[in-house]
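# could you work out the structure for the sequence below:
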Amino acid sequence: MSVANFIGTILLALYLFMTSRSRVNTGRIDKLETHTDGRIDKLEQHFSQQVSEHDKRFERIEEHNKHVPTHEDFKRVYDKINVQSDQLNRLAGESRSQNETLKLIHQYLLSEGKK
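As a prediction, the model looks like this:
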């Protein structure tokens, strides 16, 4: 009887140890979960605020970029510059030919004046 009482006491002690250990672990897990949830909520709030600020910045950049010249605008300017460059080259060629003609006339007048 005393042996059965001893074994029963040991089994009861093991049972109480396991259940109290489980309660302590459950309490710790609950505390960790509450702490972690709070931190996650703070992070979500922080990131949502950051995303909101970045969205606003991105909208301002897009609004600013509406007024920036496009590729088509630069193409038209480039075409106009090419036309003006061609005209300038043509005028330079005409100027050289007029200069040569003037030199010939000058040379003729100088050489005819000696005769």
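
# just the helices in the chain please.
Secondary structure of the chain (DSSP state H): helices at 2-65, 71-113.

# need those helices in a markdown table (columns: mean pLDDT and mean neighbour count).
All C-beta atoms are positioned from the backbone trio N, CA, C, and that covers glycine. A markdown table is the format used below for the helices of the chain (pLDDT from 0 to 100; neighbours: other C-beta atoms under 10 Å):
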| stretch | mean pLDDT | mean neighbour count |
| --- | --- | --- |
| helix 2-65 | 88 | 10 |
| helix 71-113 | 93 | 10 |
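
# relative to L43, how far out is the residue nearest to the spatial centre of the chain?
By C-alpha atoms, centre = their mean, the chain has its centre lying nearest to F58, at 9.2 Å. Separation of F58 from L43 (C-beta to C-beta, to the nearest Å) stands at 22 Å.

# please apply the same query to T70.
Distance, T70 to L43, by C-beta to C-beta: 41 Å.

# then L88?
64 Å.

# with L91 instead?
70 Å.

# likewise H64?
In terms of C-beta to C-beta, H64 sits 31 Å off from L43.

# try Q87
In terms of C-beta to C-beta, Q87 sits 65 Å off from L43.

# for R28, same thing?
With the distance defined as C-beta to C-beta, R28 ends up 22 Å from L43.

# mind listing what H67 touches?
H67 makes no contacts at all, as judged by C-beta atoms under 8 Å, 6 or more residues apart in numbering.

# quick check: phi and psi at it.
Note on H67: its backbone torsions stand at phi -100, psi 0 [degrees, to the nearest 10].

# domains in this protein, as residue ranges please.
Split into domains by automatic domain parsing, the chain comes to 1-68, 69-115.

# so how far is the last one off the chain centroid?
Chain-centre distance of domain 69-115: 49 Å, with C-alpha atoms, centre = their mean, to the nearest Å.

# just stretch 57-74 next, same as before
Relative to the chain's own centre, stretch 57-74 is displaced by 15 Å; criterion: C-alpha atoms, centre = their mean.

# kindly export that stretch (C-alpha atoms) in PDB.
C-alpha atoms of stretch 57-74 as PDB (Å, rounded to 0.1, in the frame of the first residue of the first chain):
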ATOM      1  CA  ARG A  57       6.000  62.100 -54.100                       C
ATOM      2  CA  PHE A  58       5.400  59.900 -57.100                       C
ATOM      3  CA  GLU A  59       2.300  61.900 -58.000                       C
ATOM      4  CA  ARG A  60       4.200  65.200 -57.700                       C
ATOM      5  CA  ILE A  61       6.900  63.800 -60.000                       C
ATOM      6  CA  GLU A  62       4.300  62.600 -62.500                       C
ATOM      7  CA  GLU A  63       2.600  66.000 -62.400                       C
ATOM      8  CA  HIS A  64       5.900  67.700 -63.000                       C
ATOM      9  CA  ASN A  65       6.800  65.400 -65.900                       C
ATOM     10  CA  LYS A  66       3.600  66.100 -67.800                       C
ATOM     11  CA  HIS A  67       5.300  69.400 -68.800                       C
ATOM     12  CA  VAL A  68       8.600  67.900 -69.900                       C
ATOM     13  CA  PRO A  69       9.300  67.700 -73.600                       C
ATOM     14  CA  THR A  70       8.600  64.300 -75.200                       C
ATOM     15  CA  HIS A  71      10.600  62.400 -77.700                       C
ATOM     16  CA  GLU A  72       8.300  63.800 -80.500                       C
ATOM     17  CA  ASP A  73       9.000  67.300 -79.300                       C
ATOM     18  CA  PHE A  74      12.800  66.700 -79.500                       C
END
